[in-house]
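Peer 1: coordinates only, sequence not included:
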């Protein structure tokens with residue numbers, strides 16, 4: 001689901017969940033765990049990348065519809081927790097976050113250039 005590689009203090013998390021790594025309950029839980037593990041390991045940076053030609057299709061809306069309200073009640077809090085940790089800057093150390101795919105990239109506002 002997530003391939004993890006460490007090199008010189010930089011951790012790469014490669015999404016490998018189905019054809020387009022659509023975010024469902026299992027992927028959101030795995031990403032939360034992977035980020036928590038990276039924080040515990042005190043890595044210098046984390047790169048989140050996709051597989052093949054896509055980064056992620058976003059939330060798996062087909063699954064939300066198919067599995068209904070019970071699934072949504074479990075999924076939404078997990079997704080919310082992951083997004084709050086990943087994008088809110090709650091870390092108590094400087095951290096660079098980059099998510100990349102062949103045609104796009106995301107860089108945190110906290111990212112700074114270094115020489």
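Peer 2: Arrived safely. Just so we're clear, the structure is a prediction, and the values are computed from it rather than from any experiment.
Peer 1: for the protein, which spans come out with low pLDDT?
Peer 2: 85-115 (pLDDT under 70).
Peer 1: from the centroid of it, which residue is nearest?
Peer 2: The structure's the chain has its C-alpha centroid closest to residue 31; by C-alpha atoms, centre = their mean the separation is 4.9 Å.
Peer 1: all strands for the chain, in order.
Peer 2: In the chain, the segments counted as strands under DSSP state E are 2-7, 10-15, 45-49, 96-101, 104-107.
Peer 1: and the contacts of the first one?
Peer 2: Here strand 2-7 makes contact (C-beta atoms under 8 Å, 6 or more residues apart in numbering) with 11-17, 27, 30-31, 34, 37, 41, 43. For every residue, glycine as well, the C-beta is placed using N, CA and C.
Peer 1: which PyMOL command selects the buried ones in these?
Peer 2: To isolate the buried members of the contacts of strand 2-7 in PyMOL, using 16 or more other C-beta atoms under 10 Å:
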select buried, resi 11+12+13+15+17+27+30+31+34+43
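Peer 1: ok, residue 71 to residue 29 distance?
Peer 2: Computed as C-beta to C-beta, to the nearest Å, the residue 71 to residue 29 distance reads 13 Å.
Peer 1: same check on residue 56?
Peer 2: From residue 56 to residue 29 the distance is 15 Å (C-beta to C-beta).
Peer 1: OK, contacts around the closest residue to residue 41 other than its chain neighbours?
Peer 2: Using C-beta to C-beta, 6 or more residues apart in numbering and skipping residues adjacent in sequence, the residue nearest residue 41 is residue 11, 7.1 Å away. By C-beta under 8 Å, 6+ apart, the residues touching residue 11 are 4, 5, 38, 41, 43, 45, 46, 47.
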